[in-house]
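> Predicted structure and sequence below. I'll ask about it afterward.
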Amino acid sequence: MYSRYTAACSRLLVQCKSSFKLIKSPEFETIAAFMKRFKFDCPAAMDRIKDDSPITIREDKGNTSKSIADIVANFITIMDKLKLQMKAVDEILPDMRELMDQMNNLSILPSNYVGRPTVSKWLETMSTMSASSELDDEQIRQLVFDLESAYTAFQKVLHDA
């Protein structure tokens, strides 16, 4: 139950940070300033934003919730980069490596989780390319599809856990 909340909240925090970067201005230096200006009264949400993590992570004695949040954030970050036409290997590969490390460290992921071989395949592909090489449109489309499929499977694992 907490794992679904953690994943959803982590996704929303990533989206909030990404969206705020688009509206950040001298008038809105912080999210708190934006919320005050538009009279948002949501102290629990502001606490989550300030902590930059779901409440379950703060209360979690182990690392499972943090790992889930990190994996969700990485899936979203990589897919957002690709959708924003960031296609150079040196822009994507570090996040893909981090995603793979995070998945390998999450004990609740079953050994047959489809995301591992998917990410591994792309790591192998990009590792043979130079840093300045760019993925072509077909590769980007396939990678986004593969990541979305892996992310959906990840959410199913969390739901079934």
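Received the coordinates, thanks. Residues are numbered from 1 along each chain as shown.
> so where's this structure shaky on pLDDT?
Under the criterion pLDDT under 70, the flagged ranges of the chain are 1-3, 56-63.
> where's residue 146, which helix or strand?
helix 137-160 (DSSP states H and E).
> Okay, residue 77 and residue 120: tell me how far apart.
As for residue 77, its distance to residue 120 is 18 Å (criterion: CB to CB, to the nearest Å). The C-beta positions use only the backbone N, C-alpha and C, and glycine is treated the same way.
> my bad, residue 75
For residue 75, the distance to residue 120 - CB to CB - is 15 Å.
> Next: residue 113.
For residue 113, the distance to residue 120 - CB to CB - is 11 Å.
> Residue 93: what's its closest spatial neighbour, skipping adjacent residues?
residue 126 (4.8 Å; CB to CB, 6 or more residues apart in numbering).
> tally of neighbours for that neighbour?
19 (other CB atoms under 10 Å).
> Contact partners for it?
Residue 126 sits next to 89, 92-93, 96, 135 when contact means CB atoms under 8 Å, 6 or more residues apart in numbering.
> Over to the residue nearest to residue 69 when sequence neighbours are not counted: give its phi and psi.
Of all residues not flanking residue 69 in the chain, residue 10 sits nearest, at 3.8 Å (CB to CB, 6+ apart). Main-chain dihedrals, residue 10, degrees, to the nearest 10: phi -60, psi -40.
> Show the contacting residues for residue 10.
Contacts of residue 10 (CB under 8 Å, 6+ apart): 53-54, 68-70, 72-73.
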